[in-house]
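Novice: my questions are about this predicted structure, shown below with the sequence.
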Amino acid sequence: MTYRLGLTDTIVAISTAPGAGGIGVVRLSGARALDVADGLFQGRGRPSATKGGRFLFGRFVDGAEETIDEGLALVFRAPKSYTGEDVVELQCHGSPAVLRRLLGRAVELGARLARPGEFTLRAYLGGRMDLAQAESVLGLVHAATDTSRRQAALGLAGALAKRVDAISTRITRVLAGLTAFLDYPEEGVPPEERDEPLGDVERELLALLSTADAGRVATKGARLALLGKPNAGKSSLLNALLGYERSIVTPIPGTTRDYLEATLELAGVPITLVDTAGLRDTPDEIEAAGVRRALDLAADADLVLALEDGSAPREALGFDPPADRTLRVRTKADLTPAWSDDDTLSVSVFSGEGLPELREAIRAKLLGDAARSEVWLSNERQTDAARRALESVRAARDLPDDLAAWELEAALRALAELTGRDVSEDVLDAVFANFCVGK
Ligand SMILES: Nc1nc2c(c(=O)[nH]1)N(C=O)[C@@H](CNc1ccc(C(=O)N[C@@H](CCC(=O)O)C(=O)O)cc1)CN2
Ligand SMILES: Nc1nc2c(ncn2[C@@H]2O[C@H](COP(=O)(O)OP(=O)(O)OP(=O)(O)O)[C@@H](O)[C@H]2O)c(=O)[nH]1
Ligand SMILES: [Mg+2]
């Protein structure tokens, strides 16, 4: 399927969520939107005779002029609309039956059902937003937490494109200098016109790339696995973080056998907590399977909480925690400590001590410095483009002027791809395929 086909069609879709709602919206966009609206709406005036930015009250009628529902027709005239084309919104009562009849009537009158994301695709192709903004629309539609909503809202306002454009401008300036000097190779470009600005560009790209993990975590959420020896207090900590007794706790080592998941929101990030079987060698086949599973879960987790009982003599963890994504936790801090360690957070689920610090440490580990950054890279497509730009800039720094110019051009292309000024149809297909119909 390619999106470029059918761009002259007038499209229609139900834009509100499925199910009953106070109000439902059917949206039309394209050259014939006003005609189609004329054919199914009867009010004091005709949509085609209405100025942009105005609405009409009336009734929606079927082919036999029977009333489907009463409601509003909102008229937007090209180019002042979401898509940049003529748009009519039919706002009716939000029942699936009404919405389907309206949709069917619009199709009878010549509109085509919109594909997922097609309204936003038209807005993009019409130059009303860049690709990063279109992805932010998707982010806003799917925002599960306030952090992801905020990032998407910033993206929609063009914050990412603005930051990328600033980087591109610096590269372009260096490139212009290089090109000017290409005719006089014996002189060479002075460092303040080449090495210094490229160093700045490299640092800016690195800073931008450091936000990618946070962007991914904010949109997709993170998985946190609790690991440790039997009786370390894993299930107790899971329950304490959740605020309810999800997992069985007993004084008997080996209580948790299969893993168990629960979700919560922490620092605006959707988190899946995974409780696992205590790590030990055991002849019990079921428990041993649970232990193997625990190790697999740790390998896949975004963050591992490695728990050790602070009230008992310290023993080996029983596994190799992944260094860059582990937080070490000393449990049962309300009891007399048997050991201590500066790199370990002490918590007690009984007294509650250390729990706020643990939440903060989780937040810092997942979001890092990005929490302070204004804009984040929010998906793999954007991150990949930024990474390629960085590679080219780095390569350019070590190359003679003529080859460096070639690399800088590649960096500029990668950045243009990031904001979507230079993308292939395949990329567009991939981006918009994730949208829902009506967006
Ligand atoms: N009813 C409704 N609500 C909605 C949308 C919509 O399409 N319909 N949106 C869809 O995502 C979002 C708002 N986004 C929009 C962005 C631009 C225009 C628009 O018509 N812009 C014109 C006119 C501006 C003006 O009159 O000042 C323009 O920019 O030229 C409409 C919606 C969220 N709420
Ligand atoms: N005093 C004290 N006891 C705790 C604390 N956390 C857990 N315990 C006790 O330690 C015992 C084991 O706790 P669990 O949460 O079941 O430990 P686990 O790591 O899930 O154990 P397995 O499922 O067997 O691997 C229970 O008796 C808990 O009440 C704590 O903070 N303080
Ligand atoms: Mg347990």
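Specialist: Here it is on my side, so go on. Ligands and ions are numbered 1, 2, ... in the order given.

Novice: this protein: helices as residue ranges?
Specialist: In the chain, the segments counted as helices under DSSP state H are 33-40, 96-108, 118-125, 131-142, 146-156, 159-182, 195-209, 212-220, 234-242, 285-300, 355-367, 380-397, 401-419, 425-432.

Novice: which one, of the ones you listed, ends up nearest to ligand 1?
Specialist: Of all the helices of the chain, helix 131-142 sits nearest to ligand 1, with 6.3 Å by Cβ to the nearest ligand atom. Backbone N, C-alpha and C define where each C-beta goes, glycine included.

Novice: of all of this structure, which residue lies closest to ligand 1?
Specialist: Residue of the chain nearest ligand 1, by Cβ to the nearest ligand atom: residue 80 (3.5 Å).

Novice: and this structure, which of its residues are near ligand 2?
Specialist: Listed as neighbours of ligand 2 in the chain under the rule Cβ under 6 Å from any ligand atom: 228, 230-236, 249-251, 253-256, 277-278, 331-332, 334-335, 348-350.

Novice: coming back round to it: run a quick neighbour tally on the residue nearest to the residue of the chain closest to ligand 1 when sequence neighbours are not counted.
Specialist: Of all residues not flanking residue 80 in the chain, residue 52 sits nearest, at 5.3 Å (Cβ to Cβ, 6 or more residues apart in numbering). A count of nearby residues for residue 52, using other Cβ atoms under 10 Å, gives 14.

Novice: quick one: contacts for residue 52?
Specialist: Residues near residue 52 by Cβ atoms under 8 Å, 6 or more residues apart in numbering: 75, 76, 77, 80, 81.

Novice: and residue 438, by the same measure?
Specialist: Neighbours of residue 438 in contact, by Cβ under 8 Å, 6+ apart: 13, 14, 15, 16, 27, 114, 119.

Novice: isn't the fourth one up against residue 89?
Specialist: No - Residue 16 is beyond contact range of residue 89, at 10.4 Å (criterion: Cβ atoms under 8 Å).

Novice: what touches both of the two?
Specialist: With contacts defined as Cβ under 8 Å, 6+ apart, the residues shared by residue 16 and residue 89 are residue 25.

Novice: any idea how many residues pack against the residue in the chain positioned nearest to ligand 2?
Specialist: With Cβ to the nearest ligand atom as the measure, residue 278 is the residue of the chain nearest to ligand 2, at 2.5 Å. For residue 278, the number of neighbouring residues by other Cβ under 10 Å comes to 25.

Novice: dump the residue contacts of the residue nearest to residue 153 when sequence neighbours are not counted.
Specialist: Excluding the flanking residues, the one nearest residue 153 by Cβ to Cβ, 6+ apart is residue 140, at 6.6 Å. Neighbouring residues of residue 140 by Cβ under 8 Å, 6+ apart: 149, 152, 153, 156.

Novice: can you pick the most crowded of those?
Specialist: Counting neighbours by other Cβ under 10 Å, residue 152 leads those with 24 neighbours.

Novice: what pLDDT does it get?
Specialist: Here the pLDDT value assigned to residue 152 is 89.

Novice: ok, and the closest non-adjacent residue to it?
Specialist: Spatial nearest neighbour of residue 152, chain neighbours left out: residue 139 (3.2 Å); criterion: Cβ to Cβ, 6+ apart.
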